[in-house]
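J.: Curious how this folds, go ahead:
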Amino acid sequence: MLQDRIDFRRRALTHHDPNSPVDLFVIGGGINGCGIARDAAGRGLSVTLAEMNDLASATSSSSTKLFHGGLRYLEYFEFRLVREALIERETLLRAMPHISWPMRFVLPYHKDMRFESETPTSKLLSLVMPWMKGRRPAWLIRLGLFMYDHLGGRKILPATKTLSLPNTPEGAPLQDRFETAYEYSDCWVEDSRLVVLNARDAEARGASILTRTKVLSATRDGDLWRVETQDTENGKTRTHSARMLVNAGGPWVGDIIRNKVSIPSSDGVRLVRGSHIVTRKLYDHDKCYFFQGTDGRIIFAIPYEGDFTLIGTTDADHPDPSQKPVCTEEEQRYLIDFANQYFAQDLSRDDIVWTYSGVRPLYDDGASSATAATRDYTLKVDAAGGAPVLNVFGGKITTYRRLAESALEQIDSHLGIGKGPWTAGVPLPGGDFPVDGVSHLIADLQARYGFLTPFWARRLVRAYGTEAEIILDGATEARDLGRDFGATLTEAEVIWLMDREYARTAEDVVWRRNKLGLRLSETEIAGLQGWMVERRQSGTVAA
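T.: Reported below is the predicted structural model:
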C-alpha cells in the first residue's frame, strides 16, 4: 500500500509542471490545512502547502489529545456540532486505528456540581428551577449523556452506564465523598501524528508539502494568486502561483488576512489558550476522568504514555499569536487545585513532569468568555477582488475531515472540481487494519522481531501501524537498527521520520512524532540533534 502511494505521487508530480499555477495553495500545516490538502489532492487538484515551522508545531500538537463529541457543548445547545463530531468519532476510528482508540470516561457525581453561569442551559435552569442555584441535578446529567449516546448513531462504542464507586478501581483514586459516577465513551487521538499522516497521504496523492517555508505575501494577479515564500533555514525566496488560496493559518489566520493577503474583512479570530500539565501516573486503570468544578468549568485527567497522567485544560484569552503560549504558574496551580477537589491524594507542583500550552483560533462570535466562545468552524470565501481566498476559522480535531469536506464544497464552487467526497473510511498511512486489530498487530510484531520489548512493540504499532514492519526492515537483533538514541528510539526510526515524515530536528522527533521527550535525558536529546544535523549536512535525507 505504501509503495502504491509513492508511485501515485511520482506519477502526479511528473505530470505537473512546477512553473504552472497550482489549483490550490494552502497556508498552514496544522490539521485543517493538511486535511484540506489531502482531500483536495485526492480529488485530483494540484496542491501546494506551506508551513512556516514544523507540521503541527502549534495548536495541532497542543490539544487534550481527545476526539470527542464535546459533551459540555450540549449546555450551549450546539447540537449540530456535537452530532457531527459524534458521527465522526467512529468514521475516524476506522481510518486510523493505530493512532486513535476508544476510551471510557468516568464522570463522578456530587450534588454540589454547578453549571457555568453563562451557558444557555444554566440560564434556562435558573429561570425554571431557581432553588437549584446553578447546581446540576443528576437527572439532567443523565439526560445529557442519553443524548450523547444517541445523537450520532453510535455503533462501535459502548453506551453510558452508572457506576457505584466504593471498592472499585475507578473509585480508588477518588475522595470518599464520591459514591456514584457515570461512565461514557469517547476517543483518544495522537494529534500531531494525525497531522503528519494527513500530510503524507496528501503528498502521496500529488500534493507538494513545504515545511519551514514562510509566506511573505500573497497578491492577486487577475485570476491567480502570486505567493512569495521564504525558506526559513536558508533564506531563499520563491514565487508560486495558484488559482485559489486557502488560509488555514490557525492562530495566525487573522494576521494573514491583514498583513499577508491584505484584504478587507470584518471577520475576527478569538485566540484562546489551553494549558495542560503532565504528572506522574496517578492511578492504575486505563479510563479517563471528567471532573466538574464548583465554578462550572471542567477538566480531564487522562492516562498518558503509559507512566503518566495528563490533566487539562484551561481557557484563557491569548491576544498575541506571536507570543509563545506557556502554561503559567497560575494555570498550573489552577489545574492542581481543581484535581485536588477529586483525588484522594493531594497533588503538588513537585508532581508535574511537563507542561504544554496551545492557542485555539476560534471564530470571534462575541461570546462573553473564552470558555463560551464557539468551537464550531466557520469558512469564509472572499472573491471580490479576483482570485478567491478561503479563510478557515475555528474547528476541532474531531471534525477536521468534515471541515475539509465543507472547504472543498466552497472550493468546488470556484474551481469546478467535479469529484465528490472520498475520505470517509479511507485509511491513513499505517491504518489499513481492523479497529480491534492492535493487540494482534503488536503480538505479531513481537513474534517476528523477538528483540522488541512489549513497550517497544506497542509504541511502534501505535505510531506506525502496519508500517512498523517497514521500519524494522527484517532486523534480527536491535543493533541491526543502527544507533540507539535511548528509550527504544533507533537510527532506523529516525531515518524514517526524516525521510518520510518531514522531521528535521530532535524537537520534531521527541515532542511531535512521538513523546519520548518524557523519557530521554537532555544529553540524549542533544545527541539526537547532533546526529540529525550531521545527516542533513551530508545530504542523505530523501527529497
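J.: which residue is nearest the middle of the chain?
T.: With distances taken as CA atoms, centre = their mean, the residue of the chain nearest its centroid is D191 (3.1 Å).
J.: what's the pLDDT at it?
T.: Here the pLDDT value assigned to D191 is 96.
J.: Check the secondary structure at L245 for me.
T.: Three-state call for L245 (DSSP: H, G, I helix; E, B strand; the rest coil): strand.
J.: gap between it and F308?
T.: When distance is defined by CB to CB, to the nearest Å, L245 is 41 Å away from F308. Yep, even glycine has a C-beta here, placed from its N, CA and C like the rest.
J.: Looking at those two, which is more packed in?
T.: L245 (25 against 19; other CB atoms under 10 Å).
J.: my guess is the more buried one meets V22, correct?
T.: No. Using CB atoms under 8 Å, L245 is not in contact with V22, being 10.4 Å away.
J.: Check whether I299 sits in a helix, strand or coil.
T.: Of the three states, I299 takes strand under three-state DSSP.
J.: Use 772 as the first number from now on
T.: With 772 as the first residue, the last one maps to I1070.
J.: From P1132, how far off is it?
T.: 22 Å.
J.: How about stretch 1200-1210, which residues are buried there?
T.: Neighbour counts over stretch 1200-1210 (16 or more other CB atoms under 10 Å) mark P1200, G1201, G1202, D1203, F1204, V1206, G1208, V1209 as buried.
J.: now what about that stretch, what contacts it?
T.: Stretch 1200-1210 is contacted from outside by 772-773, 776, 864-870, 872, 927, 968, 971-972, 975, 1212, 1232-1233, 1235-1239, using CB atoms under 8 Å, 6 or more residues apart in numbering.
J.: Is there a quick PyMOL command that grabs whichever of these are buried?
T.: The PyMOL selection below is limited to those of the contacts of stretch 1200-1210 classed as buried (16+ other CB under 10 Å):
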select buried, resi 864+865+866+867+868+869+870+872+968+971+972+975+1212+1232+1233+1235+1236+1237+1238+1239
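J.: picking that back up, who touches the residue nearest to the centre of the chain in this structure?
T.: Counting by CB under 8 Å, 6+ apart, D962 has contacts I802, A827, S831, S832, S833, S834, K836, I1168.
J.: If we use 6 Å, what do you get?
T.: D962 makes contact with S831, S832, S834, K836, I1168, according to CB atoms under 6 Å, 6 or more residues apart in numbering.
J.: Can you tell me the closest non-neighbouring residue to it?
T.: Once flanking residues are discounted, D962 sits nearest to S834: 4.8 Å by CB to CB, 6 or more residues apart in numbering.
J.: State whether that neighbour is indeed within a helix.
T.: No. Under three-state DSSP, S834 sits outside any helix and is assigned coil.
J.: give me the number of residues near it?
T.: Neighbours around S834, by other CB under 10 Å: 24.
J.: what do you get for the one 3 residues further on?
T.: Number of residues near L837 (other CB under 10 Å) recorded here: 24.
J.: any idea how far L965 is from it?
T.: For L837, the distance to L965 - CB to CB - is 12 Å.
J.: Then S828?
T.: 14 Å.
J.: Out of the contacts of stretch 1200-1210, which sit inside helices?
T.: 773, 776, 864-866, 968, 971-972, 975, 1212, 1232-1233, 1235, 1239 (DSSP state H).
J.: which one of those sits closest to R814?
T.: Closest approach to R814 among those (CB to CB): D972, at 13.0 Å.
J.: Please tell me I have it right and that closest one contacts R809.
T.: Yes. D972 lies in contact with R809 (CB atoms under 6 Å); the separation is 5.1 Å.
J.: any idea how far G1006 is from P1096?
T.: Counting by CB to CB - G1006 and P1096 are separated by 27 Å.
J.: Neighbour count for these two, which is higher?
T.: Comparing G1006 with P1096 by other CB under 10 Å, the one with more neighbours is P1096, at 22 against 7.
J.: which residue packs closest to the more buried one, ignoring adjacent ones?
T.: Per CB to CB, 6+ apart, closest to P1096 is S1128, 4.0 Å.
J.: my guess is the one you found is in a helix, correct?
T.: No. Applying three-state DSSP, one finds S1128 to be strand, outside a helix.
J.: what's across from it in the sheet?
T.: S1046 (DSSP bridges).
J.: pLDDT score for it?
T.: 96.
J.: before we move on, what about W1193?
T.: 97.
J.: Wait, it touches A812, no?
T.: No. The criterion here is CB under 6 Å, and W1193 misses it with A812 at 10.6 Å.
J.: Between these two, which is the more surrounded one?
T.: More crowded of W1193 and A812, by other CB under 10 Å: A812, with 26 against 13.
J.: circling back: please report how far the residue nearest to P1096 lies from V1043.
T.: 11 Å.
J.: same thing with R907?
T.: 24 Å.
J.: what about the nearest residue to E941 once chain neighbours are set aside, how many neighbours?
T.: The shortest distance from E941 to any non-neighbouring residue, by CB to CB, 6+ apart, is to V877 (5.1 Å). Number of residues near V877 (other CB under 10 Å) recorded here: 24.
J.: repeat for the one 4 residues further on
T.: Applying other CB under 10 Å, we find 18 other residues in the vicinity of H881.
J.: what about it, distance to Q1116?
T.: With distances taken as CB to CB, H881 is found 18 Å from Q1116.
J.: Tell me the helix or strand right after the helix-or-strand element of the chain with minimal mean pLDDT.
T.: Sorted by mean pLDDT, DSSP states H and E, the helices and strands of the chain end with helix 773-786, the least confident at a mean of 44. Moving toward the C-terminus from helix 773-786, the next helix or strand (DSSP states H and E) is strand 793-798.
J.: Tell me the helices and strands packed up against that next one.
T.: helix 802-813, strand 818-821, strand 1008-1018 (3 or more CB pairs under 6 Å, 6 or more residues apart in numbering; DSSP states H and E).
J.: as a whole number, average confidence for stretch 1032-1051?
T.: So the average pLDDT for stretch 1032-1051 ends up being 90.
J.: Pull out the buried positions in it.
T.: Those would be 1032, 1034, 1040-1050, for stretch 1032-1051 by 16+ other CB under 10 Å.
J.: okay, among those, which ones form the most distant pair?
T.: Going by CB to CB, the pair spanning these furthest: I1034 and T1050, at 45.3 Å.
J.: how far away is the residue lying closest to G840 once chain neighbours are set aside from I807?
T.: Leaving aside its sequence neighbours, G840 sits nearest to L857 (CB to CB, 6+ apart; 3.9 Å). For L857, the distance to I807 (CB to CB) stands at 22 Å.
J.: With neighbour numbers in mind, choose between the two.
T.: The residue with more neighbours, out of L857 and I807, is I807; 30 against 25, by other CB under 10 Å.
J.: Report whether the expected contact of that one with A1178 is present.
T.: Yes. Using CB under 6 Å, I807 is in contact with A1178, at 5.0 Å.
J.: ranges for the strands of the stretch 1072-1221 of the chain?
T.: Per DSSP state E, counting those that start in this stretch, the stretch 1072-1221 of the chain carries strands over the ranges 1079-1083, 1087-1088, 1123-1134, 1149-1153, 1160-1164.
J.: Generate TSV for the ones you listed, with distance to E1262 as supplementary columns.
T.: Listed next are these as TSV, based on distance: least, CB to CB, whole Å:
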stretch	distance to E1262
strand 1079-1083	26
strand 1087-1088	41
strand 1123-1134	25
strand 1149-1153	43
strand 1160-1164	38
